[in-house]
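Participant: Need coordinates for the below:
(one chain, ligands or ions: 1)
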Amino acid sequence: MKRVITYGTFDLLHYGHIKLLQRAKALGDYLIVVLSTDEFNWHEKHKKCYFTYEERKLLLEAIRYVDLVIPEENWEQKAKDVKEYHIDTFVMGDDWNGKFDFLKKDCEVVYLPRTPEISTTQIKKDLMQ
Ligand code: C2G
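Facilitator: Alright, predicted model coming up:
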């Protein structure tokens, strides 16, 4: 069973995220999503989430491509996660291109093209108009 992992905030969830999760799952048989906690988002990513961790987790768990959702609490946990969950493939959107190549000693690292036309920032801007 090929195990895939990916990380993110996924707030507000939109079809760009879904297309990423769909492609990530297609690379294996089991997809783990490591979801940024509210504290991590605020202190480390300076992102104020619209939905809480529990609400974002519920949304992700409802997606057919997602098999497990666990918390992302810091930047440093990736190597441990890859080992602990016996990960074969680490996947991120290519806005992170190259940033996680240090994991290549432990697993395959794949950067997938982002869905260019959509972002949470754009959604919020459009809704403001
Ligand atoms: N994504 C995408 N297309 C978009 C928007 C996002 O493919 N239009 C991808 C991102 O590249 C990322 C995933 O969807 O792989 C989740 O996006 P975010 O929630 O913005 O994640 P981010 O804040 O980049 O957090 O430790 C890594 C971080 O947790 C990643």
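Participant: helices and strands of the protein: which one bottoms out on pLDDT?
Facilitator: For the chain, counting by mean pLDDT, DSSP states H and E, helix 120-128 ranks last in confidence among helices and strands (a mean of 93).
Participant: what's that one in contact with?
Facilitator: 11-12, 14 (Cβ atoms under 8 Å, 6 or more residues apart in numbering). Yep, even glycine has a C-beta here, placed from its N, CA and C like the rest.
Participant: who's in contact with the one residue in the chain that gets nearest to the ligand?
Facilitator: Residue nearest to the ligand within the chain (Cβ to the nearest ligand atom): residue 93, separated by 1.7 Å. If you count contacts by Cβ under 8 Å, 6+ apart, residue 93 has them with 20, 111-114.
Participant: Cross the residues you listed against helices and list the overlap.
Facilitator: Those of the contacts of residue 93 mapping onto helices are residue 20, per DSSP state H.
Participant: Distance check, residue 124 against residue 101.
Facilitator: In this structure, residue 124 lies at 32 Å from residue 101, with Cβ to Cβ, to the nearest Å as the measure.
Participant: and if you look at residue 94?
Facilitator: The value you get for residue 94 to residue 101, if Cβ to Cβ is used, is 13 Å.
Participant: and what of residue 91?
Facilitator: 13 Å.
Participant: Looking at these two, which is more packed in?
Facilitator: residue 91 (26 against 11; other Cβ atoms under 10 Å).
Participant: Quickly list what that one is bridged to.
Facilitator: According to DSSP bridges, the residues that bridge with residue 91 are residue 6, residue 110.
Participant: if I pick it, what's in contact with it?
Facilitator: 4-6, 20, 23-24, 27, 110-112.
Participant: which one of those has the most neighbours?
Facilitator: Neighbour counts for the contacts of residue 91, by other Cβ under 10 Å, peak at residue 4, which reaches 27 neighbours.
Participant: Fine, thanks again, bye for now.
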